[in-house]
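Novice: Only the shape, not the letters, is given here:
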C-alpha cells in the first residue's frame, strides 16, 4: 500500500512537471511564429488568428487536482511507513528511524516512523504430525502451528523405534525487558523456533523415550510417558545413567525328563536374564539432576505438552501381536482350567447334594416311620385308655343302670303292689262291681254297634212258623243278642250285688 501511494504521488508530480515543460515549449513556439508572421508583414488580426489556431491549454483545475492527488498519495504511503496496526495475540518489536526501540502489546495503531517491526506470537506451537513436512510459519495466522514437523522417530530403552506425534505450546514473555532480551538474541520468531524451540522439542521427546521400554509404554505407561515429557519440557531433561542388571527368577529350570526319576528331576541351572535400567542421577540432596532448557532463560514457558500418537515399528507390532495371542491363549487355557475345576467341583457338589438328598430322604422316611410308629403307639395307648375308660364308664353305667333297673323294678313292684292292693281293696269293697259294669257296658256297646251295622236285605221272604228259616228279623236278632248276653254273663260270672263292708 505504501509503495503504490508513493508511486502515484511521484506520477502526479511528474505530470505537473511535464505540463510545465509543455507550456514552456508552447510559449517558445508561439513567440517564434509571431516573429515570423510579423516579418512577413501580417496584420495583428491575422497574426492573432494564426496563433489561436495552434494554441492549446490544459484545464485550469488539472494542476490543483494533480497536486492534491500527489499530496494524498504521499500521505497514504507515508502513513503505512509511520503507523502499523497491532493485532491481538501478538507482541511487536519496533525499531524507529531515530533508533528508538520499544515493545508494543496493545491492540490498535502504533507508530514506527519509517523504521521496522517484527510480530511475535504470544504463544508458539511446535507440532509433529503425520503427513506433514517441516515448515516454519511463525507470523502467519493461516497455519495450524508456528512450526510443523513430520513424526519424530524415537528409540525406546529396549531398542524399539517408533514414530511419535506430539504438540508443545510455548508462551513468549510479555514484560519489555525479557522480550527485548529474547528479540536481541534470536532477532526473529523463525530463528527462535529453528535454533531453540524445535531442537528442545526433539531432544526432550527422545530423552523421554529413553526412560522406559516400548513394552512398558504399551503395557500401561502412556500416561507416565506424557507426564514425563511435559515435566522435562518445562523443568529440564533428566540426567540419567544406563545400567545393566541381572534378574534371576525364583523358578528353577530342570533338565529333560527322566522317567526313572519321576517328579524328582535334576536342576541344571537357574533362569536369569539381563535387563537395561535407566537410573536418574541424583544430587547430594537426593533430587534428580536436570539439564535446563535454554529457552527458559529468556522467560519462555511451556503452556502445554502432550504426545498424541505413537506408532512402533512393524517387527515390534508383530511381536506384540504374538505376545497378545499367547497371553490370550494362556487366559483361555486358564479359563478352561478354571472351568474344568468348576466342573469337577460341580460334580463333587452334585454327588454330595445327591448323597445329602438321599440321606435327607432316608432321614425323613425314618423320622416319618418313627413318627408313624410313635403315633400308632400313642393311638393304641389312647385307644386302650379310651377302651379302658369306656369300659370303666360302661361298668359304671351298667352299675348305674343296674341300680336304676333295681330301683325301677322296686318302683314297679311297689307300684304293682300298690295297684294290686288298690284293686284288691276296691274289689273287696264292691265285689268288683265297677269293673263288671264297665265290662258289661263295653259288651253292650260292641253288640249295639254290630247290630247297627248289620246288613239287612231290602226284601225278606220267609215264613212265620216256628220251624221256618231265619230271615234276620228284629225278634230273631233280639233273641240272638239275649243268647249272647247270657253267654257273656255266664263267662263273666260276676255278682252284681254290692257287698256290705260294714
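Specialist: Okay, I see it. The model shown is predicted, which means the values in this text are computed figures rather than measured ones. Residues are numbered from 1 along each chain as shown.

Novice: hang on, isn't residue 485 packed against residue 478?
Specialist: No - taking contacts as Cβ atoms under 8 Å, residue 485 lies outside contact range of residue 478: 10.3 Å. Just so you know, the C-beta spots here come from the backbone N, C-alpha and C atoms, and that holds for glycine as well.

Novice: so who does residue 46 touch?
Specialist: Shown in contact with residue 46 (Cβ atoms under 8 Å, 6 or more residues apart in numbering): residue 37.

Novice: Quick check: it vs residue 35, distance?
Specialist: 14 Å (Cβ to Cβ, to the nearest Å).

Novice: For the stretch 201-350 of the chain, just list every one of the strands.
Specialist: Using DSSP state E, counting those that start in this stretch, the strands of the stretch 201-350 of the chain run over residues 237-238, 240-254, 267-280, 290-291, 301-312.

Novice: sorry, back to before: please say which of residue 485 and residue 478 ends up with more neighbours.
Specialist: Legend: neighbour count by other Cβ atoms under 10 Å for residue 485 and residue 478, higher for residue 485 (14 against 11).

Novice: Which strand or helix spans that one?
Specialist: Element membership for residue 485, per DSSP states H and E: helix 474-492.

Novice: Need the pLDDT of residue 436.
Specialist: In this model, residue 436 is scored at 69, pLDDT.

Novice: typo on my end, it should be residue 265
Specialist: You'll see residue 265 listed with a pLDDT of 59.

Novice: What of residue 309?
Specialist: Model confidence at residue 309 (pLDDT) stands at 91.

Novice: And it, how far from residue 152?
Specialist: Taken as Cβ to Cβ, the span from residue 309 to residue 152 is 11 Å.

Novice: residues shared between the contacts of those two?
Specialist: Common neighbours of residue 309 and residue 152 (Cβ under 8 Å, 6+ apart) are 164, 165.

Novice: The two: which is more packed in?
Specialist: Set residue 309 next to residue 152 and count neighbours by other Cβ under 10 Å: residue 152 wins out with 18 against 13.

Novice: wait, the more buried one sits on residue 207?
Specialist: No - using Cβ under 8 Å, residue 152 is not in contact with residue 207, being 11.8 Å away.

Novice: since we're on residue 30, how many residues are nearby?
Specialist: Should you count by other Cβ under 10 Å, residue 30 turns out to have 15 residues around it.

Novice: Can you tell me the element it falls in?
Specialist: Going by DSSP H and E, residue 30 is part of helix 2-39.

Novice: and if you look at residue 437?
Specialist: helix 433-452.

Novice: how far out from the middle of the chain is that helix?
Specialist: Counting by Cα atoms, centre = their mean, to the nearest Å, helix 433-452 is centred 120 Å from the centre of its parent chain.

Novice: now do stretch 181-197
Specialist: 52 Å.

Novice: ends of that stretch, how far apart?
Specialist: 16 Å (Cα to Cα, to the nearest Å).

Novice: Can you give me the buried ones in it?
Specialist: By neighbour count with 16 or more other Cβ atoms under 10 Å, stretch 181-197 contains the buried residues 182, 183, 186, 189, 190, 192, 193, 194, 196, 197.

Novice: Restricted to helices, list these.
Specialist: Counted as lying in helices by DSSP state H, out of the buried residues of stretch 181-197, are 182, 183, 186, 189, 190, 192.

Novice: In CSV, list those residues along with pLDDT and distance to residue 294.
Specialist: Converted to CSV, those look like this (pLDDT from 0 to 100; distance: Cβ to Cβ, whole Å):
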residue, pLDDT, distance to residue 294
182, 88, 12
183, 88, 16
186, 89, 11
189, 87, 16
190, 89, 17
192, 89, 11
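
Novice: which one of the residues you listed is nearest residue 92?
Specialist: Proximity of those to residue 92, judged by Cβ to Cβ, is greatest for residue 183, which lies at 9.9 Å.

Novice: distance of the closest one from residue 90?
Specialist: On the measure of Cβ to Cβ, residue 183 and residue 90 end up 13 Å apart.

Novice: overlap in contacts of the two?
Specialist: Residues touching both residue 183 and residue 90 (Cβ under 8 Å, 6+ apart): residue 120.

Novice: give the contact list for residue 42.
Specialist: Per Cβ under 8 Å, 6+ apart, neighbours of residue 42: residue 50.

Novice: quick one, phi/psi of it?
Specialist: Backbone torsions for residue 42, taken as degrees, to the nearest 10, come to phi -80, psi 150.

Novice: so what's it scoring on pLDDT?
Specialist: Here the pLDDT value assigned to residue 42 is 73.

Novice: can you map out the helices along this protein?
Specialist: Using DSSP H, helices in the chain cover 2-39, 44-54, 62-82, 176-186, 189-192, 198-209, 214-216, 222-235, 314-430, 433-452, 474-492.

Novice: what angle separates the helix holding residue 437 from helix 314-430?
Specialist: Counting by axes from the mean of the first three to the mean of the last three Cα atoms, to 10 degrees, helix 433-452 lies at 100 degrees to helix 314-430.

Novice: Show me what helix 433-452 packs onto, helices and strands only.
Specialist: helix 474-492 (3 or more Cβ pairs under 8 Å, 6 or more residues apart in numbering; DSSP states H and E).

Novice: okay but residue 188 is in contact with residue 118, surely?
Specialist: Yes - at 5.9 Å, residue 188 counts as touching residue 118 under the criterion of Cβ under 8 Å.

Novice: Could you single out the nearest of the buried residues of stretch 181-197 to residue 175?
Specialist: residue 182 (10.5 Å).

Novice: and the gap between the residue nearest to the closest one when sequence neighbours are not counted and residue 121?
Specialist: For residue 182, ignoring the flanking residues on the chain, the nearest one in space by Cβ to Cβ, 6 or more residues apart in numbering is residue 298 at 4.3 Å. To residue 121, residue 298 is 15 Å away according to Cβ to Cβ.
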